[in-house]
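Peer 1: Provided below are the primary sequence and the corresponding predicted coordinates.
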Protein chains: 2
Amino acid sequence: MVSLQHRAKPTPARAAPKAPAPATPLDASAWVEAAFDLLAEGGIDAVRVDPLAKRLGVTRGSFYWHFKDRDALHKAMLKQWRKAATYQVGDRIEREAADAGEKLRRTLALPYSGPKAKRAAAIEMAIRFWARRDEEAAHAVQLIDHQRLLYYAKLFAERGHAPDAARRRAYLFYAALMSEAIIVTDEQTDIRHELADLVIGTRDEG
Amino acid sequence: MVSLQHRAKPTPARAAPKAPAPATPLDASAWVEAAFDLLAEGGIDAVRVDPLAKRLGVTRGSFYWHFKDRDALHKAMLKQWRKAATYQVGDRIEREAADAGEKLRRTLALPYSGPKAKRAAAIEMAIRFWARRDEEAAHAVQLIDHQRLLYYAKLFAERGHAPDAARRRAYLFYAALMSEAIIVTDEQTDIRHELADLVIGTRDEG
DNA sequence: GCCCTGCCATACACAGGTGTATGGTGATCC
DNA sequence: GGATCACCATACACCTGTGTATGGCAGGGC
């Protein structure tokens, strides 16, 4: 068994992460997806070519085919994140809920549980920490935050708040949403679901 | 000039960071302090012995005198953080403000400006991201959060809120406080100082 | 004046990561 | 059925970091 085949076995080597079975060839988006896993686990500095290649079951040769260098991957990740984050804002919920109050309430109820949400939260944190030293990352974060705050403010405005009050409410709402990725409560001191009324408000006070 | 002195020049090599002139010998706390700088800049993985030594103007030989290994430094950092964070909660403000409302208001007004606050915020974020994969870091964060939430809840209780409502308010207050380290507003869309009334509340709403 | 101890430098072996150069596959087109 | 191309493996030179072993300087006790 000198094993000089093109690759030992076509798929099972890459079956570890979650790739169903895309024949054999990898595209750039597969690298980006795996890169987000590493980002969530160890921050932007953990997004390294070598571990990435090992996780995908290939060698660095593949990476440097799809990307010029590590920085190119980082840029691709930012682009992908902006796209996904933009998409996420009021798309699914926008269809599933009718009035603004319900939309806000369901947005606040979304996260925290499930490994998928934890991954997303970790990515958010990692990118925001990354943004402290990277210009482009900072720019992306700023755009996303602005966009989300605008959207939430719109919802609060629909609920009858004056523009200024709506913007304040939106910020507080966003802060409460984000805090779930940061503040650690001891599991059964779970206040989150009781928080909706306080943040969203049952009556106006703008 | 074969230069076989003990160290080329006693102090100026270490004058870069901010050490005034502590003669020559370094103690463990000096390493920990510098480690927090690296932590704030690049996360826990950036806290490496070599860059740390270079920043302090010494070699790794010094480090391995004061610490067994890298992990020992990490533990020392956690210990120091817990100590400082514990100290910080309602010490300065506890003396400078009289009633609970004023204490909360001044707490919310504290951060964000100044490089010292930015450093502290970065450290908070870095430790919380670190806590996602490190047991001890997670434990430290949990303790600190619990302690802070208790303190804030006490203040809200002093303002006449019922225990449950006080805990909810405390969480929201803490979330608003933390959010300043995460959410990026475009500098002149600064809502923070207008946020106090909304978070702290000018009237009760149980 | 010696010895011991606190503090640090130096050198070494090793691991892991980057980027480049180059070669080797399978599939495809024609 | 030979040429071409997309995709990946392999090998190389280089750099940065870890931990260990050891040596060396300084200063204080005595």
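Peer 2: The structure has been received and is ready for your questions. On a predicted model such as this, the values are computed, not experimentally measured, just so you know.
Peer 1: just checking, next helix/strand downstream of the top helix by length along chain A?
Peer 2: The residue-count maximum for a helix in chain A (DSSP state H) belongs to helix A:135-158. Scanning forward in sequence from helix A:135-158 by DSSP states H and E, the next helix or strand is helix A:163-179.
Peer 1: contacts for that following helix?
Peer 2: A:104, A:107-108, A:111, A:124, A:145, A:148-150, A:152-157, A:159, A:161, A:195, A:199-201, A:206, B:171-172, B:174-176, B:178-179, B:182-183, B:185, B:191, B:194-195, B:198-199 (Cβ atoms under 8 Å, 6 or more residues apart in numbering or on different chains). C-beta: built from backbone N, CA, C; applies to glycine.
Peer 1: list the buried residues for it?
Peer 2: A:165-179 (16 or more other Cβ atoms under 10 Å in any protein chain shown).
Peer 1: before we move on, what about stretch A:76-95?
Peer 2: A:76-78, A:80-82, A:85, A:89-90, A:93.
Peer 1: can you lay out the residues you listed as a markdown table showing secondary structure?
Peer 2: Formatted as a markdown table, those follow (DSSP: H, G, I helix; E, B strand; the rest coil):
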| residue | secondary structure |
| --- | --- |
| A:A76 | helix |
| A:M77 | helix |
| A:L78 | helix |
| A:Q80 | helix |
| A:W81 | helix |
| A:R82 | helix |
| A:A85 | helix |
| A:V89 | coil |
| A:G90 | coil |
| A:I93 | helix |
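Peer 1: any idea which of these the model trusts least?
Peer 2: pLDDT is lowest at A:G90 among those; the value there is 63.
Peer 1: among the buried residues of stretch A:76-95, which are in reach of DNA strand D?
Peer 2: Taking Cβ under 7 Å from any atom of the strand as the test, DNA strand D is in contact with none of the buried residues of stretch A:76-95.
Peer 1: what pLDDT does the nearest residue to A:E94 once chain neighbours are set aside get?
Peer 2: By the measure of Cβ to Cβ, 6 or more residues apart in numbering or on different chains, the closest residue to A:E94 outside its immediate chain neighbours is A:K103, 6.9 Å from it. As predicted, A:K103 sits at a pLDDT of 89.
Peer 1: A:K103: which element?
Peer 2: Per DSSP H and E: helix A:100-109 holds A:K103.
Peer 1: how far off centre is stretch A:162-181?
Peer 2: Mean-position distance between stretch A:162-181 and its chain equals 19 Å (Cα atoms, centre = their mean, to the nearest Å).
Peer 1: A:A122 - how many residues pack around it?
Peer 2: 21 (other Cβ atoms under 10 Å in any protein chain shown).
Peer 1: check contacts around it.
Peer 2: Applying Cβ under 8 Å, 6+ apart, the residues near A:A122 are A:39-41, A:181, B:129, B:132.
Peer 1: from these, which land in helices?
Peer 2: Reading helices off the contacts of A:A122 with DSSP H, I get A:39-41, B:129.
Peer 1: next one: A:Y152 from A:R106, what distance?
Peer 2: Using Cβ to Cβ, to the nearest Å, A:Y152 is found at 13 Å from A:R106.
Peer 1: count of neighbours near A:I127?
Peer 2: A:I127, neighbours per other Cβ under 10 Å, totals 25.
Peer 1: do I have it right that it meets A:W81?
Peer 2: Yes. If you go by Cβ atoms under 8 Å, A:I127 and A:W81 touch, sitting 6.2 Å apart.
Peer 1: what do these two both touch?
Peer 2: With Cβ under 8 Å, 6+ apart, A:I127 and A:W81 have common neighbours A:A140.
Peer 1: secondary structure class for the residue nearest the centre of chain A?
Peer 2: Taking Cα atoms, centre = their mean, the centroid of chain A lies closest to A:A120, which sits 4.0 Å from it. With three-state DSSP as the basis, A:A120 sits in helix.
Peer 1: now flag whichever of the buried residues of helix A:163-179 is closest to DNA strand C.
Peer 2: Looking at the buried residues of helix A:163-179 and their distance to DNA strand C, the nearest is A:M178, at 29.4 Å (Cβ to the nearest atom of the strand).
Peer 1: A:A131 versus the closest one, what's the distance?
Peer 2: Relative to A:A131, and taking Cβ to Cβ, A:M178 is found at 14 Å.
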